[in-house]
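J.: Coordinates for the following, if possible.
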Amino acid sequence: MPFKLFMSQKLILISFLIVTLSCSKEEFDIQNLNGNKISALGHSGMGNRSAYPRNSYESLTKSLNLGADGIEIDLQLTKDNVLIAFHDEDLSESTNIKGLVRSLTWSEIQNAYYTNPLYTSYSIISMDQLLSNTDDMHQYNYTLDCKYHPLSNDDTQYETDYINALSQLITKFNLINNAYIESQSEDFLRLLQLENNEFNLFINPYSFEYGLETANKLGLFGISMSTDNISEDQIEAAHDNNLFIAIWGVQTNGDNTRAVNKNPDFIQTDCISHLVNLLD
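T.: Purely as a prediction, here's the structure:
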């Protein structure tokens, strides 16, 4: 056989093997409380590395359109008790207006836009707007990460207003089976339970041990933790206590794979397209 023909055929074979191996899907033995299925959630939509700002309508809906099982949303309360999708306590950190979210009304916030040069066409959205404009919204899960930012001397009223707003939102859109509420505050979670013991509540703790203790004590639905701070064995221990586990801080494709191998019930990822394909 001529040398050139031999080398050509060899290159074709190598190329075929590379394509075949790269297309093969990794197999996972998923065992959890979520029907042995991991729900893929877009972290604030498309995550931190997207061209869309976190929690914007465009980011959240793009994630759903890519096949996510749902989305994680940072939730805050305005002065007039409107729930908005926004992360920072201070609007001046990422938008064209100044002030704390709790100090301004929705009418003062709704025309604000994100100020990164790439984001000037994207506005802040209320939860009512998001859900009203989401087709087939009940096919998705919504993790509501409650950012707890009361003003000075406003704690008690803030808690009451926040809980009422959450309850009204979930009732209005019939989300009792689709909404998962996260908080770092044990007191806030306890008050939410008193409001409605059917809420699916997650503690977001500073350590797994504290989270397990608190979740068991309060009878919560689950624990939400950074993937860096929880192990596969700890997730199994939580499952043994009938507690669901959501993990976040999943920022790369490699993080997705490592997170899946821990067998959580929910993964909030910055790489939603990859995770959806990985779990397909």
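
J.: in the sheet, who's paired with the residue nearest the centre of the chain?
T.: Residue closest to the average C-alpha location in the chain (CA atoms, centre = their mean): residue 72, at 2.3 Å. Following DSSP bridges, residue 72 is listed with bridge partners residue 43, residue 143.

J.: isn't it right up against residue 269?
T.: No: applying CB atoms under 8 Å as the test, residue 72 and residue 269 come out as separate, 9.1 Å apart. Where C-beta positions appear, they are placed from N, C-alpha and C, glycine not excepted.

J.: Ramachandran coordinates for residue 58?
T.: phi -60, psi -40 (degrees, to the nearest 10).

J.: what about it, neighbour count?
T.: Using other CB atoms under 10 Å, residue 58 has 18 other residues around it.

J.: Spatially, what comes nearest to it if we skip its sequence neighbours?
T.: Leaving out its chain neighbours, the residue that sits closest to residue 58 by CB to CB, 6 or more residues apart in numbering is residue 52, at 4.7 Å.

J.: show me the contacts for that neighbour.
T.: Residues in contact with residue 52 (CB atoms under 8 Å, 6 or more residues apart in numbering) are 45, 46, 58, 59, 62, 119, 122.

J.: farthest-separated two in those?
T.: 62 and 119 (13.8 Å; CB to CB).

J.: And residue 23, what's its pLDDT?
T.: Note for residue 23: predicted pLDDT of 47.

J.: residue ranges for the helices of the stretch 1-150 of the chain, please.
T.: With DSSP state H, counting those that start in this stretch as the criterion, the stretch 1-150 of the chain has helices at 3-23, 57-65, 106-109, 127-132.

J.: Repeat that for the stretch 151-280 of the chain.
T.: Remark: helices assigned in the stretch 151-280 of the chain by DSSP H, counting those that start in this stretch are 155-172, 186-195, 208-218, 232-240, 253-260, 272-279.

J.: what separates residue 76 from residue 226, distance-wise?
T.: For residue 76, the distance to residue 226 (CB to CB, to the nearest Å) stands at 21 Å.

J.: Looking only at neighbour counts, state which of the two leads.
T.: The neighbour count for residue 76 versus residue 226, taken as other CB under 10 Å, is higher for residue 76 (26 against 12).

J.: tell me the contacts of the nearest residue in space to that one that is not next to it in sequence?
T.: Once flanking residues are discounted, residue 76 sits nearest to residue 101: 4.6 Å by CB to CB, 6+ apart. Taking CB under 8 Å, 6+ apart as the criterion, residue 101 is in contact with 76, 77, 78, 84, 86, 88, 89, 90, 91, 109, 149.

J.: about what we covered before: report the set of residues contacting both of residue 72 and residue 269.
T.: Shared contacts of residue 72 and residue 269 (CB under 8 Å, 6+ apart): 41, 42, 43.

J.: Which pLDDT value belongs to residue 1?
T.: According to the prediction, residue 1 has pLDDT 56.

J.: before we move on, what about residue 248?
T.: Looking at residue 248, its pLDDT is 98.

J.: Next, find the distance separating the residue nearest to the centre of the chain from residue 214.
T.: 20 Å.

J.: next one: residue 131
T.: Look at residue 131 and residue 214: by CB to CB, they are 29 Å apart.

J.: can you check residue 164 too?
T.: For residue 164, the distance to residue 214 - CB to CB - is 24 Å.

J.: More neighbours: those two, which one.
T.: Each of residue 164 and residue 214 has its neighbours counted (other CB under 10 Å); residue 214 has more, 16 against 13.

J.: my read: the more buried one touches residue 203, true?
T.: Yes: counting by CB under 8 Å, residue 214 touches residue 203, with 5.0 Å between them.

J.: any common contacting residues for these two?
T.: Common neighbours of residue 214 and residue 203 are listed as 186, 220 (criterion: CB under 8 Å, 6+ apart).

J.: show me what contacts residue 119?
T.: With CB under 8 Å, 6+ apart, residue 119 has these contacts: 52, 53, 56, 113.

J.: That's all I had, so thanks and see you.
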